[in-house]
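A.B. asks: Below is the sequence, then the predicted model.
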Amino acid sequence: MKNKFYITTPIYYANAKPHIGHAYTTVAADILARWNRQQRKKTFLLTGTDEYGLKIQKKTEEAGKDSQQFVDEIAEEFKSLCEKLNINYDNFIRTTDKKHKETVQKVLQLLYDKGLIYKGTYEGLYCVGCEQFKNKSDLVDGKCPEHNIKPEIIKEESYLLKMEEVQSQLTEKIKSDEFKIGPEKYKREILSFLERQKLQDVSISRKNVSWGIPLPFDKNYTTYVWVDAFLNYLTGVGWNGSLPLEKGELERDLKNNVVDESNILQSKESFKSPRSPFLKGENLGFWPPDIQLIGKDILRMHATMWPIMLLHLGIELPRELFVHGHILSEGKKMSKTLGNVIGIDEMLEKFGTDGTRYLLMSAGSFGEDIDMTMERMVEKYNADLANGLGNLISRVVKLMEHGTWNMKHKTINNEQFSKKIDELELDKALNYVWNIVREDNKYIEDAKPWELAKDESKKEEFRKVIQKLVDDLSLIAEFLKPFMSETAEKIKKALKTERLNEVLFKRIK
RNA sequence: CGCGGGGUGGAGCAGUCUGGCAGCUCGUGUGGCUCAUAACCACAAGGUCGGCGGUUCAAAUCCGUCCCCCGCAACCA
């Protein structure tokens, strides 16, 4: 299908409440989705939660809670965050959805039948204290840090996914950008990883985890969470596991109703307007994803196991995996111990929805790690939003009192700006807009319209100056739509009614 | 020699691919303005672009080497 845009966020692991990192990825995805929707592309934004696995099982067991009830609560938290951030998603997938589970089992059976999953032995370092396998990187001085004992090398019967046979094919696709990994540095990292060694087959079964999807061909095991999690990108647009993947056209897909509607939460905007037309049906016309946003922590798996599963299934790979950096605080990872955690709720409370969205996206190059502190965010909020954009609107609206103005609807025909978004330079796109804000503030200073207004003979000149500012602001509103849709609306309304009902971005402190 | 990234005025960053006067925002100082959210505008101070060496008419940028910081080193996600 042409003229479509399918974007995914990772599904977030439901072992704890959402934090700023989740907000960052999801806001970026939402902006890209809104932008493409604005370009009249049929757009689908998928997000959701990953709800199985040992971590959650242990956590709920220890707390004496029911796992399902626990993840239900966490899923609600994530949905509520989306609402607070004004995320206009088309589907919120949960891996405990019945339909998702069924499809995962179908896929596993298929891979098993094809001999791509086989029974073998998994050899790993097993800590008796933890009752689980450990990574080398988890160990401190070769010992389990929790129990301070050396783990034993244990062989366990397990179901393994064949990796190596499609490895060179994968490497080629990454090299040629058929399966693009961006930014470039992450492509290099993955290629160097893939070219250095043969991939080991990955164990896709778990014996000691009951909180998971049972293997269809051996009920003594559950499915390794990653396998289950990856398939969300397919089930999230309504795939039911049948092959070959018949993509069809959206129009036809709309007739079916595969996506579980109970999980569709209406975001603020879709409350007002008709809900996304793509919420129903097998929307496989959207396949493959045009962009899959991920954090750098999950790159390895997303660039190996996930595409390998697809290659095995004969399904087209995503067009691009885009890796963004982490949000650091005071140059370090946020941690409770360091006390440098910036809470997303705190941000929302302080800066509001659009303020938070702006601060997240303008904090640094999208794709690099960014460093944030509350102090600097307050500074930036005051400088860019209150003193910059907010004040500019106040000035212009007040000056509009003396005259009547043309409110032409502006459409974006600006290659510079569009290119930045299409190349995922979201921070640069915002910076482009703020250059206009700064120029306009300067322009007012130079043109001195308040003096022109007093002089009858300079009426025409005055009219020109204000009209230019009105035009610029309508354009700015258009630019801001995907980033801060509520603000964009307020600006438009203010220009239309020639008055500002509220201070846009009140200065803080 | 495991892999990848990074080191640019006081702070945060862009620029490096494709060499061409070192740039942006914040902060600081001085002045201006009054349409505006005590906002805005101008000017100024402040940098051996991590060190050393090389290529070049010319290096933050290319090459070599060294130092420092961060992430990763696959089945927790």
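C.D. replies: Everything's here; your move. Numbers count the residues shown, from 1 in each chain, chains lettered A, B, ... in the order given.
A.B. asks: can you pull out the strands in the stretch 101-250 of chain A?
C.D. replies: Secondary structure of the stretch 101-250 of chain A by DSSP state E, counting those that start in this stretch: the strands cover A:117-127, A:132-134, A:152-161, A:180-182, A:202-203, A:205-206, A:214-215, A:218-223.
A.B. asks: If you compare the directions of the longest one and strand A:152-161, what angle comes out?
C.D. replies: If you take axes from the mean of the first three to the mean of the last three Cα atoms, to 10 degrees, strand A:117-127 sits at 160 degrees to strand A:152-161.
A.B. asks: Strand A:117-127 - which strands sit beside it in the sheet, and in what orientation?
C.D. replies: strand A:132-134 (antiparallel), strand A:152-161 (antiparallel) (DSSP bridges).
A.B. asks: Comparing the ones you listed, which comes out most buried?
C.D. replies: strand A:132-134 (a mean of 18; mean count of other Cβ atoms under 10 Å). Quick note: C-beta positions are derived from backbone N, CA and C, even for glycine.
A.B. asks: Give me the contact status of stretch A:43-53 with RNA strand B.
C.D. replies: Yes: applying Cβ under 7 Å from any atom of the strand, one finds stretch A:43-53 touching RNA strand B at A:D50, A:G53.
A.B. asks: Actually, stretch A:119-130.
C.D. replies: Yes: against RNA strand B, stretch A:119-130 shows contacts by Cβ under 7 Å from any atom of the strand at A:Y122.
A.B. asks: end-to-end on stretch A:76-92?
C.D. replies: 11 Å (Cα to Cα, to the nearest Å).
A.B. asks: Surely A:G120 and A:I204 touch.
C.D. replies: No: applying Cβ atoms under 8 Å, one finds A:G120 not in contact with A:I204, separated by 10.8 Å.
A.B. asks: out of these two, which sits in the busier spot?
C.D. replies: Taking neighbours as other Cβ atoms under 10 Å, A:G120 and A:I204 compare with A:I204 leading, 24 against 15.
A.B. asks: give the contact list for that one.
C.D. replies: A:L108, A:I117, A:Y159, A:L160, A:L161, A:T223, A:Y224, A:V227 (Cβ atoms under 8 Å, 6 or more residues apart in numbering).
A.B. asks: hang on, the fourth one packs against A:S203?
C.D. replies: Yes: the pair A:L160 and A:S203 qualifies as a contact (Cβ under 8 Å) at a distance of 5.6 Å.
A.B. asks: Any idea how many residues pack against A:Q200?
C.D. replies: 11.
A.B. asks: that older thread, give the residues shared as contacts by A:G120 and A:I204.
C.D. replies: A:Y159, A:L160.
A.B. asks: that older thread, looking at the strands paired with strand A:117-127, which is closest to RNA strand B?
C.D. replies: RNA strand B lies closest, by Cβ to the nearest atom of the strand, to one member of these: strand A:132-134, at 4.7 Å.
A.B. asks: I'd like the average pLDDT over the closest one.
C.D. replies: In this model, strand A:132-134 has an average pLDDT of 70.
A.B. asks: ok so A:L500 is a strand residue?
C.D. replies: No: counting by DSSP: H, G, I helix; E, B strand; the rest coil, A:L500 is not part of a strand but coil.
A.B. asks: sorry, back to before: rank the strands paired with strand A:117-127 by mean pLDDT and give me the bottom one.
C.D. replies: Looking at those, the bottom one is strand A:132-134 with a mean of 70.
A.B. asks: correct me, but A:D427 touches A:E368?
C.D. replies: No: under the criterion of Cβ under 8 Å, A:D427 makes no contact with A:E368, lying 9.3 Å away.
A.B. asks: and these two? which has more neighbours close in?
C.D. replies: A count of neighbours by other Cβ under 10 Å puts A:D427 above the other of A:D427 and A:E368, at 19 against 14.
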